[in-house]
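# 3D, please:
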Amino acid sequence: MKLLGYKRIHGIIRLKSGLRIGMSKDQMAIGDVDNPVIRNPLTDEPYIPGSSLKGKMRYLLEWHLGGDYIARSTEKHVYVPDDPNDPVGRIFGSAPSNEAQRRVAQQRGPTRLLVRDAYLTPASKQALEAMTARGGYLTEVKQEVFIPRIGGNANPRTAERVPAGAEFAFEMVYRMMDTGDGGKTDQDNFRHVEKALELLQLDGLGGYISRGYGQVELDYQVEEK
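Next comes the predicted model:
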């Protein structure tokens, strides 16, 4: 097995509606909003974790390809077939839990897709700083109302989100390995990465997508290294 090269995917994630990627409630402090977004602890700026991007791409691709990815997944674990050429396993990786799966993982080689955290562009940070007085730091606090189905009064709730129009710079790196095929399998599988990026724009990112949050537009280019 040999590393042949990389494809570098880089560009801009543009929010077409508010984006909400929540943080753990264990990280909340007294006085925080009910549903805060995740932030860089050093700069306090909202960001998009690479794990959120990669996880959503994998989820969408599994649904697109169908079959056992969905049927055999469990509440806490994804399913990867015992096939070293399986595209989802090669692109996104696996966590083998027995010796047979470890042997397949060795034949498959390392996870091909690396997804970095995405940070606000300098222009977006400057624009968001101007509206800080109307929400959290670099975010907005959206007011919503839950309407009880039987009696009772409407219950207000709040959710912090990054406003529509904000832009994040993102980068992904795709490894191409020769597993005895001259790199053909990884070269062919790159179409699945591009499909996952297309699905991400049709579906959404983060939470509350069915309520209008998380619509994104990608502007990117691919370079071979």
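
# okay, now the nearest residue to Tyr69 once chain neighbours are set aside: neighbour count?
The shortest distance from Tyr69 to any residue other than its chain neighbours is 3.8 Å, reached at Glu62 (C-beta to C-beta, 6 or more residues apart in numbering). (C-beta placed from N, C-alpha, C; glycine too.) Neighbourhood size, Glu62 [other C-beta atoms under 10 Å]: 20.

# again with Lys184
Applying other C-beta under 10 Å, I find that Lys184 has 12 neighbouring residues.

# give the residue farthest from the middle of this structure.
Taking C-alpha atoms, centre = their mean, the residue of the chain most remote from its mean C-alpha position is Gly151, at 38.8 Å.

# got phi/psi on it?
phi 60, psi -180 (degrees, to the nearest 10).

# one more: Arg39?
phi -140, psi 150.

# element containing the residue nearest to Arg116 when sequence neighbours are not counted, please.
Excluding the flanking residues, the one nearest Arg116 by C-beta to C-beta, 6+ apart is Glu171, at 4.6 Å. Taking DSSP states H and E as the definition, Glu171 sits inside strand 167-178.

# cool, Gly11 as well?
With DSSP H and E as the criterion, Gly11 is inside strand 2-15.

# so what's the spatially most central residue of the chain up against?
Closest to where the C-alpha atoms of the chain average out (C-alpha atoms, centre = their mean) is Leu53, at 1.3 Å. Taking C-beta atoms under 8 Å, 6 or more residues apart in numbering, we find Leu53 in contact with Val115, Ala118, Phe170, Met172, Leu200, Leu205.

# so the first one bridges to which residues?
Meaning Val115. Met172 (DSSP bridges).

# based on its surroundings, how many neighbours for it?
When neighbours are counted by other C-beta under 10 Å, Val115 comes out with 22.

# burial measure for the closest residue in space to Lys16 that isn't next to it in sequence, as a count.
In space, and not counting its chain neighbours, Lys16 is closest to Gln215: 4.2 Å by C-beta to C-beta, 6+ apart. Here the number of neighbours of Gln215 (other C-beta under 10 Å) works out to 19.

# Gln215 touches Gly204, doesn't it?
Yes. In this structure, Gln215 is within contact of Gly204 by C-beta atoms under 8 Å, at 5.5 Å.

# if anything else comes up later, I'll come back, but that's it for now.
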